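*Asks:* Sequence and predicted model, in that order:
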Amino acid sequence: MSDNNGVPYEQSDLYRIRHSAAHVMAETVLEFYPEAKLAIGPPIEDGFYYDFDLGADENGKLITFSEEDLEKIEVRMKQLLKQNARFEHSSMTVDEALVFFADAPYKIELIEDLVKNEGVEEVSIYTQREFVDLCRGPHVGYTKQVKANAVKLLRSGGAYWRGDENREQLQRIYGTAWHNKAELDDYLHLLEEAKMRDHRRLGKQLELFHLSPLVGSGLPLWLPKGAILRETLENFLRTAQMERGYQPVITPHIGNLELYKTSGHYPYYKDSQYTPIEVDDEEFMLKPMNCPHHIEIYRSKPRSYRDLPVRLAEFGTVYRYEKSGELNGLTRVRGFTVDDSHLFVSPDQLEEEFIHVVELIQYVFNTMGFNDFRARLGTNDPASDKYAGAPQMWARGIAAIRQAADKLGLNYVVEEGEAAFYGPKLDFIFRDVLKREWQLGTVQVDFLLPERFGLEYVGADGEPHRPVMIHRAPFGSMERFVGILIEHFNGAFPVWLSPVQAVLIPIADRHVPFAQEVAAQLKAAGLRVEVDDGNERMNKKIRNHQLQKVPFQLVVGDNEVEAGAVALRTRDNENRGVQSVADFVAYAASLIDERSLTL
RNA sequence: GCCGAUGUAGCUCAACUGGCAGAGCAUCCGCCUUGUAAGCGGAAGGUUAUGGGUUCGAGUCCCAUCAUCGGCUCCA
């Protein structure tokens, strides 16, 4: 999104182009809807949008943009761009502006906020032709500098004014604009590719997961192939955690409401939880988080400073009632499994342990070939009541994260208001091959829950002390992680993760027994193998397994049977020729062993 | 949850303004016995998401519900 020569996006030509495109689009919309009230229209990553209040019809139903409207607007907008009007920058005093924009309630609100928050006395105005907008800029000089053939309106949809669902619902039009047509085409091509890689599409095609309305929306079913993929990931992390002193624990899916009241989760997650289950005058909740359960495990016996750090790990499934409009394949669900762990450490262990956790996350990401990621330090917003705990707790937590990050030489950005309710956190945000960002791994420092649950350990001095907690999840959630993995690899997983690693393709019926014999050998060597003994042509079988993205296809015919060998072909359409079964096993095993990302 | 769109066979899609629900792939059954991305023939497969309504007649029009998709907000 930023220019390649390091110019910040806000100062780039593209930013001006998109901002200007947004203004001309708004100008066009006003031609068709003279009564429309303008809200805001900023450039965004890869494009721009503008929000309009079109009012309601006689039945009180909101007026919206149809697809045909969008086409009409786009055509007219391009004409206006070509007319080459000048963008003129001027200013008004606040008083002038309040009069000028008297019919534009959203602009008035913006101006009033500018006065209140920044104490401005003048506001900046941009004008092209008859269209006048309150705007900080910058813009291009003339409308022709936005190439009409490099602009496209993409979609429209509802959007709340200022993102607040209690306020007016506006109609937003998204568009994209680039330097030239070639760049636009590249971008549209990227969108097309993203669609082809969509994990919902591939999940169906590769038989990884299934969503059944009868089971419930947002509650994915893992099909056999998806389950193998997921378990392979889980086992990989289990092993890494064992090596690092984590202890597996297992906890139930529900818990007494009192547990979550003690932890403080209840008020914070109330709106996004399934309704409690009432049994014998007690209320139980589907757990929205694993921490309280793990805390009770910590509390199950007295702890000594010698025991610390205590690292409890569980692939714990949690349930959150997401709004129906928010659900999306595997990346946004109502029941998901966190690769959760809670570490109970003494204050002087905090920094070192935090570093270990970050290193584990980096190890996990590197193994997946996720090289493009950044870190974000989420802090509390002191003005918000979303966060619990004393200010000094927050300060200590943030300081600990900063120190650890500095020691690791980790670059991070600070974002206020991105913390968990109980403490600051460091999130790892991964950028996939399509340059989309996903929040995956997270590490959180928590002084609050140890307080709430009265956690203690006996120190060397024989006195009780309060431990600090670290919450962490390298994958984040198995569902989302697998969803992203599907899209990142376009379904062609590394061999070690492929649900089927090799398929035997007998050419004629008489080769089937030999194929089964070879398959047995491969299975014995730990490979996931199938034999395609159907009566289709070899070409058809190859095509089928190509579509299933099976990494290795082993063709066996008369020659191979005679030589006791296999003809190896890869999903990259590479014919590697005939090789002995032993050679193939050694080769495949080495790729699996080193978790190779390439064939 | 709110705004909009969509919902036809397991999958991908067709059926002009209301007039006999169809194709390809997949499945099953045959034939062929095959050399690096689709061999040939046949059969079966549907309460057109669900429930109401309008109509002589509804996949098509109206209402409600559910689900999916695109947005808003939130988050793993």
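*Replies:* That came through fine. Numbers count the residues shown, from 1 in each chain, chains lettered A, B, ... in the order given.

*Asks:* Can you tell me the element A:Phe80 falls in?
*Replies:* Not Phe; residue A:80 is Leu. Using DSSP states H and E, A:Leu80 falls within helix A:67-82.

*Asks:* Now that helix: buried residues?
*Replies:* Neighbour-count burial for helix A:67-82 flags A:69-70, A:72-74, A:76-78, A:80-81 (criterion: 16 or more other CB atoms under 10 Å). Yep, even glycine has a C-beta here, placed from its N, CA and C like the rest.

*Asks:* now do stretch A:185-200
*Replies:* Under the neighbour-count criterion of 16+ other CB under 10 Å, stretch A:185-200 has A:187, A:197, A:199-200 buried.

*Asks:* For those residues, give me JSON lines that also has pLDDT and secondary structure.
*Replies:* As requested, these are exported to JSON lines (pLDDT from 0 to 100; DSSP: H, G, I helix; E, B strand; the rest coil):
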{"residue": "A:Tyr187", "pLDDT": "92", "secondary structure": "helix"}
{"residue": "A:Arg197", "pLDDT": "91", "secondary structure": "helix"}
{"residue": "A:His199", "pLDDT": "94", "secondary structure": "helix"}
{"residue": "A:Arg200", "pLDDT": "94", "secondary structure": "helix"}
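
*Asks:* Next, count neighbours for A:Phe481.
*Replies:* Using other CB atoms under 10 Å, A:Phe481 has 26 neighbouring residues.

*Asks:* contacting residues for it?
*Replies:* Going by CB atoms under 8 Å, 6 or more residues apart in numbering, A:Phe481 touches A:233, A:440, A:475.

*Asks:* Next one: the nearest residue to A:Glu88 once chain neighbours are set aside, what pLDDT does it get?
*Replies:* Spatial nearest neighbour of A:Glu88, chain neighbours left out: A:Thr127 (4.7 Å); criterion: CB to CB, 6 or more residues apart in numbering. We have a pLDDT of 92 for A:Thr127.

*Asks:* Kindly report the same for A:Ser2.
*Replies:* A:Ser2 is assigned 42 on the pLDDT scale.

*Asks:* sorry, back to before: state the mean pLDDT of the helix holding A:Leu80.
*Replies:* The model assigns helix A:67-82 a mean pLDDT of 92.

*Asks:* and if you look at stretch A:297-311?
*Replies:* On average, stretch A:297-311 scores 95.

*Asks:* Give the buried residues for it.
*Replies:* For stretch A:297-311, the neighbour count (16+ other CB under 10 Å) marks A:297-298, A:303, A:308-311 as buried.

*Asks:* Get me the contact residues on the stretch 201-350 of chain A for RNA strand B.
*Replies:* For the stretch 201-350 of chain A, the residues in contact with RNA strand B (CB under 7 Å from any atom of the strand) are A:204, A:211, A:213, A:217-218, A:272, A:320, A:322-329, A:331-334, A:336, A:338.

*Asks:* Recalculate using a threshold of 6 Å.
*Replies:* A:211, A:213, A:217, A:320, A:322-329, A:332-333, A:336 (CB under 6 Å from any atom of the strand).

*Asks:* From the residues you listed, keep the buried residues only.
*Replies:* Buried subset of those (neighbour count, 16+ other CB under 10 Å): A:211, A:320, A:322, A:329, A:332-333, A:336.

*Asks:* Just the ones of the residues you listed in strands?
*Replies:* Among these, the members found in strands (DSSP state E) are A:Phe336.

*Asks:* Name the SS class of the residue most central in space within chain A, please.
*Replies:* The centre of chain A sits closest to A:Trp438, judged by CA atoms, centre = their mean, with a distance of 2.9 Å. When classified by DSSP: H, G, I helix; E, B strand; the rest coil, A:Trp438 comes out as strand.

*Asks:* now it: how far from RNA strand B?
*Replies:* Distance from A:Trp438 to RNA strand B, counting by CB to the nearest atom of the strand, to the nearest Å: 8 Å.

*Asks:* do A:Val146 as well
*Replies:* Relative to RNA strand B, and taking CB to the nearest atom of the strand, A:Val146 is found at 22 Å.

*Asks:* ok but A:Leu229 is inside a helix, no?
*Replies:* Yes. With three-state DSSP as the criterion, A:Leu229 is assigned to a helix.

*Asks:* Which secondary structure element of chain A has the lowest mean pLDDT?
*Replies:* Here the helix or strand of chain A ranked lowest by mean pLDDT, DSSP states H and E is helix A:265-269, holding a mean of 74.

*Asks:* Can you list the buried residues in that helix?
*Replies:* Of all the residues in helix A:265-269, those buried under the rule 16+ other CB under 10 Å are A:265-266, A:268-269.

*Asks:* which outside residues touch it?
*Replies:* A:257, A:260, A:285, A:288-289, A:291-292, A:320, A:386, A:388, A:421.

*Asks:* Apply 7 Å and report the result again.
*Replies:* By CB atoms under 7 Å, 6 or more residues apart in numbering, the residues outside helix A:265-269 that reach it are A:257, A:260, A:288-289, A:292, A:421.

*Asks:* rewinding a little: so which of the buried residues of helix A:67-82 reach RNA strand B?
*Replies:* Okay, of those, nothing touches RNA strand B (CB under 6 Å from any atom of the strand).

*Asks:* From the chain's centroid, how far away is the helix or strand hosting A:Gln362?
*Replies:* Here A:Gln362 sits within helix A:350-368, counting by DSSP H and E. Centre-to-centre, helix A:350-368 and its host chain are 19 Å apart (CA atoms, centre = their mean, to the nearest Å).

*Asks:* Helix A:350-368 and the helix or strand just after that helix, what's the angle between them?
*Replies:* As assigned by DSSP H and E, the chain's next helix or strand after helix A:350-368 is strand A:373-379. Taking axes from the mean of the first three to the mean of the last three CA atoms, to 10 degrees, one finds strand A:373-379 and helix A:350-368 inclined to each other by 150 degrees.

*Asks:* buried ones in whichever helix or strand comes after strand A:373-379?
*Replies:* Following strand A:373-379 in sequence order, the next helix or strand is helix A:391-408 (DSSP H and E). By 16+ other CB under 10 Å, the buried positions in helix A:391-408 come out as A:393-394, A:396-398, A:400-402, A:404-405.
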